[in-house]
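Student: Below are the sequence and a predicted model for it; my questions follow.
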Amino acid sequence: MAIFPPEQRIWWKQPLHGVEIAWIGICLVWALVMFFTMIVWHVIGEQNLSNEAYRILPDVYQERTEAMVAQYQVREEGNTGIPVVHPPAGTDIYMMARLWEWWPILELEKDKTYRLHLSSIDWQHGFSLQPTNINIQVHPGYEMVVTLKPNKSGEFGVVCNEYCGIGHHTMAGRIYVVE
Ligand code: CUA
């Protein structure tokens, strides 16, 4: 305990106590275990998310999202004015984060593969898909691409899990999966 100054001014030349060495050894071994677990899990784990990311200007991302919506919108969600988009299976699809919404609502087909692009056009947000609990940080200036193959039909929620201001708790989106 370093409450008092060391008795010997040249304290670092004192011999180490056995207990101290043991703890240093335990910490070192445990740090190595955790480090290699990350690498092993990256190879054998089934929950590894996108390692595909690109730089993109926010307005370019917004244009691409709007182009997809213009092309594949099928209806509006209730009377909210939020478009519901049904893009063809196998294509690149876009969900845009902004204060405070996930836009648009996507309607996907079960057992079809999509490339989901995620980016923000203002601040940092967090994409959290519920109830499957997939989490991805969403930054302006970068797009993450997630290969997605829904294996269950139904309604999935997207919440923002990165505090982004006064409307953070209202920032919810939706993905529908249909048969
Ligand atoms: Cu977006 Cu919190």
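Tutor: Thanks, I have it.
Student: Tell me which other helices or strands whatever helix or strand L32 lives in touches.
Tutor: In this structure, L32 sits in helix 18-44 according to DSSP states H and E. Contact partners of helix 18-44 among helices and strands, from 3 or more C-beta pairs under 8 Å, 6 or more residues apart in numbering; DSSP states H and E: none. Where C-beta positions appear, they are placed from N, C-alpha and C, glycine not excepted.
Student: And the next helix or strand past that helix?
Tutor: Of the helices and strands lying after helix 18-44 in sequence (DSSP H and E), the nearest is strand 52-55.
Student: Quickly run through the sheet partners of that following strand, with directions.
Tutor: Strand 52-55 has its sheet partners listed here by DSSP bridges as strand 142-148 (antiparallel).
Student: in the strand it pairs with, what's buried?
Tutor: 142-146, 148 (16 or more other C-beta atoms under 10 Å).
Student: Report the contact partners of the closest residue to C160 other than its chain neighbours.
Tutor: Excluding its sequence neighbours, the residue lying closest to C160 (C-beta to C-beta, 6 or more residues apart in numbering) is M171, at 3.8 Å. Neighbour list for M171: 97, 99-102, 125, 159-160, 164 [criterion: C-beta atoms under 8 Å, 6 or more residues apart in numbering].
Student: And the furthest pair within these?
Tutor: The two members of the contacts of M171 with the most space between them (C-beta to C-beta) are L99 and V159, at 14.6 Å.
Student: Checking the residue nearest the centre of the chain next. Helix, strand or coil?
Tutor: Centroid-nearest residue in the chain, with C-alpha atoms, centre = their mean: I136, separated by 0.1 Å. Secondary structure of I136, reduced to three states by DSSP: H, G, I helix; E, B strand; the rest coil: strand.
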